[in-house]
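>>> One predicted model, sequence on top.
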Amino acid sequence: MQEEIIPPLPQEDSLALSFFNTLASGRNCSAQTLRAYRQALADFRSFKPNLSWKVATADDFCSYLLELMKRKSSRATIRLRFAALRSFFNYLTEQQHLSSNVLKQVSLPKLEKSLPHFLTLPQVTELLEHPTKKEKTKQATVWMGARDTAILELFYSSGLRLSELIGLNIGDLDLQEETVRVVGKGSRERIVPVGSLAIKAIEKYRHLAKVNQGPLFINKSRNRLSATAIWQMLKKYLREAGLPASLSPHTLRHSFATHLLDRGADLRSVQSLLGHASLTTTQIYTHVTTERLKQAYQEAHPRA
């Protein structure tokens, strides 16, 4: 996964810098959110380099919207950019730098309804077992293969986000209770069950790698494993298992939720397990299961 290069904001842009400082210190925003907001402001700045925030009009932002559409930016990207800009202008209004938020006058394209990609149970099984099949005789390679298995098992077992998984420390894992303490979006904590197969995989990895304190998942240098390293690791196993390399770590989270609902889990429980603030976010998985039921009906019913 290549990191997007973010143009630096002008040094004299004290309003934007103050906004980012407030987000980082007072609103507990994640590094990923801060990065997305910074990208949004910097991109608008590159479009209107000489425009002061204080005199920007709704027409300026409509022009920017048209520019994004000309670039063929996805609706999700457009809405993310404008969410950041609206948040910034709300801040400027609260701080009385502006009398009102002009972005409230800008209408955005509706988000496309897309169903999340997920793996079938046989595909998940093939993916989770693949690192073990590739273990070598060298001890370093053995513990790294065990680590990869533990990561994939935990992703699927507990439905974690990538940021949540890489942030785990040894102390967050309770092997006796078979749970893990997760810090999710907005610094919200939750306790998530961990399946027995994932527990065994983690214990094996910790034993081989001699990981007893600090970060749960480490690299060769025994530092915390990065998000990029996990993306690269997953893509390697996807290719070797004959699965689409375009899938992401989030696919295992989608598979976790879809398989739970397929087997009768209630929506509220899945919402809690995923750490969704709103039930609406979780409801997209009911569309996935409904589509699968329709497909099964069409294929099996004699008068479908």
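Right, received. Where do you want to start? Treat the numbers as computed from the prediction; the structure is a model and nothing was measured. Numbers count the residues shown, from 1 in each chain.

>>> going forward, measure contacts and count neighbours with C-alpha atoms only.
Noted.

>>> Tell me where the stretch 51-200 of the chain has strands.
Assigned by DSSP state E, counting those that start in this stretch, the stretch 51-200 of the chain shows strands spanning 173-174, 179-183, 189-193.

>>> for those strands, which one sits closest to I166?
Nearest to I166 among the strands of the stretch 51-200 of the chain is strand 179-183 (10.5 Å), distances taken as CA to CA.

>>> Against which helices or strands is that closest one packed?
Judged by 3 or more CA pairs under 8 Å, 6 or more residues apart in numbering; DSSP states H and E, the packing partners of strand 179-183 are strand 173-174, strand 189-193.

>>> Can you name the residues in contact with that strand?
With contact meaning CA atoms under 8 Å, 6 or more residues apart in numbering, strand 179-183 is reached by E164, L168, D172, L173, D174, E189, R190, I191, V192, P193, V194.

>>> List buried members of the residues you listed by neighbour count.
L168, D172, L173, I191, V192, P193, V194 (16 or more other CA atoms under 10 Å).

>>> tell me which of the residues you listed is nearest to T228?
For the buried ones among the contacts of strand 179-183, the nearest to T228 is L168 (15.9 Å; CA to CA).

>>> Pipe the buried ones among the contacts of strand 179-183 into a markdown table and attach pLDDT and distance to G145 per row.
Below are the buried ones among the contacts of strand 179-183 laid out as a markdown table (pLDDT from 0 to 100; distance: CA to CA, whole Å):
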| residue | pLDDT | distance to G145 |
| --- | --- | --- |
| L168 | 96 | 19 |
| D172 | 96 | 22 |
| L173 | 94 | 20 |
| I191 | 93 | 27 |
| V192 | 91 | 24 |
| P193 | 92 | 23 |
| V194 | 93 | 20 |
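
>>> Spatially, which two of the residues you listed are the most separated?
L168 and P193 (14.3 Å).

>>> before we move on, back to that, now the contacts of strand 179-183 in CSV, with distance to A36?
Shown next, in CSV, are those (distance: CA to CA, whole Å):
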residue, distance to A36
E164, 18
L168, 23
D172, 28
L173, 30
D174, 33
E189, 22
R190, 25
I191, 28
V192, 27
P193, 31
V194, 31
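
>>> and which of the residues you listed is nearest to Y205?
L173 (13.6 Å).

>>> Verify the stated contact: S30 with G186.
Yes - using CA atoms under 8 Å, S30 is in contact with G186, at 7.1 Å.

>>> and those two? which has more neighbours close in?
S30 (16 against 12; other CA atoms under 10 Å).

>>> How confident is the prediction for the more buried one, by pLDDT?
We have a pLDDT of 76 for S30.

>>> Please state the backbone phi and psi of it?
Main-chain dihedrals, S30, degrees, to the nearest 10: phi -70, psi 160.

>>> What is the neighbour count of the residue lying closest to L68 once chain neighbours are set aside?
In space, and not counting its chain neighbours, L68 is closest to I78: 6.9 Å by CA to CA, 6 or more residues apart in numbering. Residues near I78, counting by other CA under 10 Å, number 20.

>>> how close does I78 sit to P193?
From I78 across to P193, the span is 36 Å (CA to CA, to the nearest Å).

>>> Kindly report the same for A245.
Per CA to CA, A245 is found 28 Å from P193.

>>> give the contact list for Y37.
When contacts are taken as CA under 8 Å, 6+ apart, Y37 is in contact with R81, A84, L85.
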